[in-house]
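**Q** coords please:
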Amino acid sequence: MDSKSTELTKREEINEVVECCLLAGKLMLQGGAETYRVEDTMMRIAATYGFENSHSYVTPTGIIFAVDQMEATRIIRITERSTDLQKVTLVNSVSRGIASREITIQEAHEQLHKIESTTHAYPIFTQIAAAAIASGCFLIMFKGGWHDFFPALVTGGLGFIFFLYVSRFVNIKFLSEFLSSFVIGLLAVLFVKTGMGQELDKIIIGSVMPLVPGLLITNAVRDLMAGHLVSGLSKGAEAFLTAFAIGAGVAVVITFY
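**A** Sure thing, here's the model as predicted:
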């Protein structure tokens, strides 16, 4: 084999490893993983195949990755992010399989594509039921009375249904949280006005908890502690705006109440 063919084979190998690293990072970032975890996974995969000097820069909206032997730096754009920790776990399993040499790069690529094409989220009905029950339980946790458990359960469930509906048809960030909290406020006021509920504040607090970006806040703090200031601040800003939208929706109802 001449030097030109060897160089071509080497370049194809580099491209395959880089594609696998980018796909793994993309899936983890879309699933809600921390920035430092995404970077560490990508660099470990590259190091397994002899590319010790890989470089990655991850933000919530994009990934930049390169190895020293590659002429061009690769970049991908992240447009959709959600909370899917099962997907993060599956990608971690694939990366561990690569590190232990249990699977080849081709097998890893196939498994990652399978993870990407598979929906790991719970059915809509299960999500709604969980949000409703969680709303009632949060009300009790915040020292609300059992007489308000059912109003909080219904309010939280209907508010989450509205959140899913708006998120599906309106592609405007933070609008779904604002409108959902507005509906939750209206329903809570309705329950109190009709005498079915007693403590308006406890019902609203319990019902909006399924909308609170808890994972986003946690990841922002962990990224800041790990030294990823850009990612930490951007995630913190997104969490703040989401919380502001939730509070604003409730505040509009309380103002007129």
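**Q** residues making contact with stretch 216-235?
**A** 32-36, 58-61, 236, 238-239, 242 (Cβ atoms under 8 Å, 6 or more residues apart in numbering). (Each C-beta comes from the backbone N, C-alpha and C, glycine too.)
**Q** mind exporting that stretch as PDB, just the C-alpha atoms?
**A** Taking C-alpha atoms only, stretch 216-235 is exported to PDB below (Å, rounded to 0.1, in the frame of the first residue of the first chain):
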ATOM      1  CA  LEU A 216     -31.200  23.200  34.400                       C
ATOM      2  CA  ILE A 217     -30.500  25.000  37.600                       C
ATOM      3  CA  THR A 218     -28.500  22.000  38.900                       C
ATOM      4  CA  ASN A 219     -26.400  21.700  35.700                       C
ATOM      5  CA  ALA A 220     -25.800  25.500  35.700                       C
ATOM      6  CA  VAL A 221     -24.300  25.300  39.200                       C
ATOM      7  CA  ARG A 222     -22.300  22.100  38.400                       C
ATOM      8  CA  ASP A 223     -20.900  23.700  35.300                       C
ATOM      9  CA  LEU A 224     -19.900  26.800  37.200                       C
ATOM     10  CA  MET A 225     -18.200  24.700  39.800                       C
ATOM     11  CA  ALA A 226     -16.300  22.800  37.100                       C
ATOM     12  CA  GLY A 227     -15.000  26.000  35.600                       C
ATOM     13  CA  HIS A 228     -17.300  26.100  32.500                       C
ATOM     14  CA  LEU A 229     -18.300  29.700  33.000                       C
ATOM     15  CA  VAL A 230     -19.900  30.300  29.600                       C
ATOM     16  CA  SER A 231     -22.100  27.200  29.800                       C
ATOM     17  CA  GLY A 232     -22.900  27.800  33.500                       C
ATOM     18  CA  LEU A 233     -24.000  31.400  33.000                       C
ATOM     19  CA  SER A 234     -26.000  30.700  29.900                       C
ATOM     20  CA  LYS A 235     -27.900  27.800  31.500                       C
END
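**Q** tell me the mean pLDDT for it?
**A** Mean pLDDT, computed over stretch 216-235, is 87.
**Q** re earlier: and the furthest pair within the contacts of stretch 216-235?
**A** For these, the farthest-apart pair by Cβ to Cβ is Y36 and T242; their separation is 22.1 Å.
**Q** residues near I115, how many?
**A** Residue neighbour count, defined by other Cβ atoms under 10 Å, stands at 22 for I115.
**Q** Go ahead and confirm S167 touches F178.
**A** No - between S167 and F178 there is no contact under Cβ atoms under 8 Å: 11.8 Å.
**Q** who has more neighbours, the two?
**A** Counted by other Cβ under 10 Å, S167 and F178 do not tie: F178 has more neighbours, with 20 against 16.
**Q** Next SSE downstream of the host helix or strand of R44?
**A** Assigned by DSSP states H and E, R44 belongs to helix 35-48. Using DSSP H and E, the helix or strand that follows helix 35-48 in sequence is strand 54-59.
**Q** what's the offset of the helix or strand following that next one from the middle of its chain?
**A** Per DSSP H and E, the first helix or strand lying C-terminal to strand 54-59 is strand 62-67. Centre-to-centre, strand 62-67 and its host chain are 20 Å apart (Cα atoms, centre = their mean, to the nearest Å).
**Q** Now strand 62-67: buried residues?
**A** By neighbour count on 16 or more other Cβ atoms under 10 Å, the buried set for strand 62-67 is 63, 65-67.
**Q** can you redo the contacts of stretch 216-235 as a markdown table with distance to M225 and neighbour count?
**A** As requested, the contacts of stretch 216-235 are exported to a markdown table (distance: Cβ to Cβ, whole Å; neighbours: other Cβ atoms under 10 Å):
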| residue | distance to M225 | neighbour count |
| --- | --- | --- |
| G32 | 17 | 17 |
| A33 | 15 | 25 |
| E34 | 10 | 25 |
| T35 | 11 | 28 |
| Y36 | 9 | 18 |
| V58 | 16 | 27 |
| T59 | 17 | 15 |
| P60 | 17 | 19 |
| T61 | 21 | 12 |
| G236 | 12 | 17 |
| E238 | 18 | 18 |
| A239 | 15 | 20 |
| T242 | 21 | 20 |
